[in-house]
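1. here is my input, please return the structure:
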Amino acid sequence: MSDDRLHPIGVFDSGVGGLSILRAMRALMPEEPVIYFGDQGHIPYGSRTKEQIRDFSETITRFLLDKGAKLVVVACNTASAAALTYLRERFPAVDFVGMEPAVKPAAEQTRTGVVGVLATPATFQGALYASVVERFAQGVELLKDTCPGLVQQIEAGDLDGPITRRFLEAALRPMLDRNIDTVVLGCTHYPFVIDQIQHIVGDKVRVIDPAPAVARQAKRLLDKRGLAHPGGPRTIPHFYTSGDVRALLRLLPRLLGEDGPITYTAWEGDHVLAERVVL
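-> Numbers count the residues shown, from 1 in each chain. Now for the predicted structure:
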């Protein structure tokens, strides 16, 4: 009989943004085996329809479960907004950890009553964001920006170049003019440019990175279900991508601080994933 505690955690995102979540998970639970799927063949998710994102998310979830995943982390705000409720209904026996814009802590801690939120259009349009705002942000002014093109810059590995800086300046300067004191990162790609964001907004503005809280929630669920790994040496993650394997290989050390084997996994239609090449 197999020991479910030894099974991997499955993590997925539209691309490399979810590596910010994985990085926090690896810091907290280095002994846990992990499989990560970056759907770089379909990036960006933010401009796609809810139905498309839901279909992609369901297929990727089935792929991860076929690999033995004991927990699925939807390390993508856009996919969480479009598909998390659906996934929980579709796979009732599976525990999911999703992304929720950190509006609640921002609303609790703001002193000026003005908070900036950076996220994709799909996240802002989703019921999850609307619910969080309704429950926790009454009386707080939320300034929103979709940062067009920023996800693609990060996917290309441009974390501190002039174009990336220009995108961030365009989003943040108008917010600063309206007296924000907190910035919520509502996309898992954005923590990779948190240093740039902090430099623009200054030390008096708090920037909220959701990754540590998501990692802690994943650990709580594993502990609660008795699925936490019994311990041992640090494991090596296995990565799957529907995009450019070599591009991901170059980015892993910089974004995650470690690497591992990568498998190219092609889409055959919108509902089948097939492994092709292993590096």
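2. what ranges do the strands span in this protein?
-> Under the criterion DSSP state E, the chain contains strands at 9-13, 34-38, 71-74, 96-97, 114-118, 141-145, 182-185, 206-208, 238-241, 262-267, 273-278.
3. report all helices and strands that the second one contacts.
-> Spelled out, it's strand 34-38. In terms of contact count using 3 or more C-beta pairs under 8 Å, 6 or more residues apart in numbering; DSSP states H and E, strand 34-38 is assigned the packing partners strand 9-13, helix 19-28, helix 50-66, strand 238-241. All C-beta atoms are positioned from the backbone trio N, CA, C, and that covers glycine.
4. of the ones you listed, flag the one that's most buried.
-> Burial of the helices and strands packed on strand 34-38 is given as mean neighbour count (mean count of other C-beta atoms under 10 Å); strand 9-13 ranks first at a mean of 27.
5. please work out which residues outside that strand touch it.
-> 18-19, 21-22, 25, 29, 32-39, 57, 60-61, 64-65, 67, 69-76, 79, 188, 218, 222 (C-beta atoms under 8 Å, 6 or more residues apart in numbering).
6. let's see that with 7 Å instead.
-> With C-beta atoms under 7 Å, 6 or more residues apart in numbering as the contact definition, strand 9-13 has outside contacts at 18, 21-22, 32, 34-39, 60, 64, 67, 69-76, 188, 218.
7. rewinding a little: can I get the strands of the chain in a markdown table with mean pLDDT and distance to Gln152?
-> Shown next, in a markdown table, are the strands of the chain (pLDDT from 0 to 100; distance: least, C-beta to C-beta, whole Å):
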| stretch | mean pLDDT | distance to Gln152 |
| --- | --- | --- |
| strand 9-13 | 98 | 14 |
| strand 34-38 | 98 | 14 |
| strand 71-74 | 98 | 21 |
| strand 96-97 | 98 | 26 |
| strand 114-118 | 98 | 15 |
| strand 141-145 | 97 | 16 |
| strand 182-185 | 98 | 17 |
| strand 206-208 | 97 | 21 |
| strand 238-241 | 97 | 16 |
| strand 262-267 | 94 | 19 |
| strand 273-278 | 74 | 23 |
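8. to Ala107, which of the ones you listed lies closest?
-> When the strands of the chain are compared by C-beta to C-beta, strand 114-118 sits nearest Ala107, at 6.7 Å.
9. the closest one pairs with which strands, parallel or anti?
-> When pairing is defined by DSSP bridges, strand 114-118 lines up against strand 141-145 (parallel), strand 182-185 (parallel).
10. now Val140, nearest residue through space, not along the chain?
-> Distances taken as C-beta to C-beta, 6 or more residues apart in numbering put Ala107 closest to Val140, at 4.6 Å, once the chain neighbours are dropped.
11. what about the one you found, neighbour count?
-> By the other C-beta atoms under 10 Å criterion, the neighbourhood of Ala107 contains 21 residues.
12. residues touching it, list them.
-> Each residue near Ala107 by C-beta under 7 Å, 6+ apart is listed here: 115, 136-137, 140.
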